[in-house]
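A.B. asks: Sequence unavailable; structure follows:
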DNA sequence: CCGACTTTGTGCAAACGTTCACAAGGGCGT
DNA sequence: ACGCCCTTGTGAACGTTTGCACAAAGTCGG
């Protein structure tokens, strides 16, 4: 794995683990802002985000020194700083490939269109589906990918196709210049370096839950349940 | 949190990071099995799973010594061992709460019903939706939760409701005895200890992608002397 | 039956992440 | 203006994860 990120870059070297939590903090901050709460302490914020307060302070300290000792953090100001750090002050056009059940769910997902992300297009290869409307977007043929990506300057692609076609779609997205991919298909995608892939995988999460559930349920039975012959 | 190896068996005390990768290995192993490939080396398996081979070997070594030096791993045997470790040799009834776009997508998701997981029921609170059919399951009223959980001995619940009702649904699931929860709603769930929650959050993933995309686009001082991967 | 070759399993060290504990710094009441 | 009190920001300790490098252990050809 090329987890090198930014090699020895002093000012911009925010840990990956911190980045993964910033969106959670941001969401919680929005909730505070909606209640017109002007400032929050690291303790309150941490509790709402479900993390340790020391961790939260260290995370925020990576963005700069935006708190006031004895008082806490200004909610509005922090919202802005976190948003800026995450790149949410700009607009991110997104193309969704695959208009099946999942693609439809994604297109209709409210949190999608909000806060910086905008659906540039929904693509599919099924002639039955192309032309139908989903969440206010006409589904276009996947053959339009190149034009759509170029016209809207899309840099983020979401793959919501069956596993079998995911790699081909991915290759094509990459070829058209997409450098960030969110993959919902249950496959390991192969991409050239410089392309960022994140995966969301229901069945992996379920299996992890099953592991822990099983462990919990096997509090007894010290003996191996079955002997396995080879 | 600190659970060291309890003792003796060795099947206890598997690192969390390893557990998160086992489902990926399992998927890749199935792919090899379908091609009737009898054995794989750690190198091949690691490449297919997108990880380092040393990491893969160390991961597998936590389950036991199931490889053969000079040869590799028997695909079928390893499938069985990983499945067993993850608790997939037993059946896991799952209840899905929320039959909106996402709930429907989940219910229709193929990988769901396969390999150990079975949808016990799909619940919703909207009278318009209750009674409709989704993926061969009649949507039941959320008031049936207690009966459904008890009758099917459900221990895994999936929350696919809007954010506003997620915590209430969660509390109710926990009250009925569900101890593993997969949360798709964009909120931080509060649960008593002993309950395992995992979250899947589209907008968090998008924001993480945006962060990296932004960083890439702000390539000031491009002195990538060592940019050529190892 | 033996020696060459291949691949696993693991000791170790470095990188990364988390948590504790407290000094530094700022606001607020008096 | 002063000192008390509160909360941030961070040094240091600790725990976890990764990756290297190699001995151990097995296969296979001759």
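C.D. replies: That came through fine. Here the structure is a predicted model, which means the values were calculated and not measured.
A.B. asks: tell me which parts of chain A are close to DNA strand D?
C.D. replies: A:1, A:3, A:40-43, A:53-54, A:57-58, A:60-61, A:65-73 (Cβ under 7 Å from any atom of the strand). The way it works is simple: take the backbone N, C-alpha and C, and place the C-beta from them, glycine included.
A.B. asks: got the residue ranges for the helices in chain A?
C.D. replies: Along chain A, counting by DSSP state H, helices occupy A:16-34, A:42-49, A:53-61, A:75-86, A:101-108, A:110-113, A:145-152, A:163-175, A:202-217.
A.B. asks: Wondering if the strand ranked longest in chain A reaches chain B at all.
C.D. replies: With secondary structure taken from DSSP state E, chain A has its longest strand at strand A:117-124. Yes. Strand A:117-124 lies within reach of chain B by Cβ under 8 Å from any Cβ of the partner chain, at residue A:117.
A.B. asks: packing partners for that strand?
C.D. replies: strand A:92-97, helix A:101-108, strand A:137-141, helix A:145-152, helix B:202-217 (3 or more Cβ pairs under 8 Å, 6 or more residues apart in numbering or on different chains; DSSP states H and E).
A.B. asks: Walk me through which strands it pairs with, and which way each runs.
C.D. replies: Under the criterion DSSP bridges, strand A:117-124 sits next to strand A:92-97 (parallel), strand A:137-141 (parallel) in its sheet.
A.B. asks: circling back: so which of the helices and strands packed on strand A:117-124 comes closest to DNA strand C?
C.D. replies: Ranking these by distance to DNA strand C, with Cβ to the nearest atom of the strand as the measure, places helix B:202-217 first at 12.4 Å.
A.B. asks: so where's chain A uncertain?
C.D. replies: Across chain A, residues meeting the criterion (pLDDT under 70) sit at A:1-12, A:113-114, A:219-230.
A.B. asks: related to what we said a few turns ago, got the helices of chain A as CSV, with mean neighbour count columns?
C.D. replies: Conversion of the helices of chain A to CSV gives the following (neighbours: other Cβ atoms under 10 Å in any protein chain shown):
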stretch, mean neighbour count
helix A:16-34, 18
helix A:42-49, 18
helix A:53-61, 17
helix A:75-86, 19
helix A:101-108, 23
helix A:110-113, 16
helix A:145-152, 16
helix A:163-175, 17
helix A:202-217, 20
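A.B. asks: okay, these in CSV with distance to residue B:100 next?
C.D. replies: As requested, those are exported to CSV (distance: least, Cβ to Cβ, whole Å):
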stretch, distance to residue B:100
helix A:16-34, 20
helix A:42-49, 25
helix A:53-61, 32
helix A:75-86, 27
helix A:101-108, 8
helix A:110-113, 11
helix A:145-152, 27
helix A:163-175, 24
helix A:202-217, 16
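A.B. asks: Distance to DNA strand C added to the ones you listed, as CSV?
C.D. replies: CSV is the format used below for the helices of chain A (distance: least, Cβ to the nearest atom of the strand, whole Å):
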stretch, distance to DNA strand C
helix A:16-34, 4
helix A:42-49, 9
helix A:53-61, 4
helix A:75-86, 13
helix A:101-108, 27
helix A:110-113, 24
helix A:145-152, 31
helix A:163-175, 25
helix A:202-217, 16
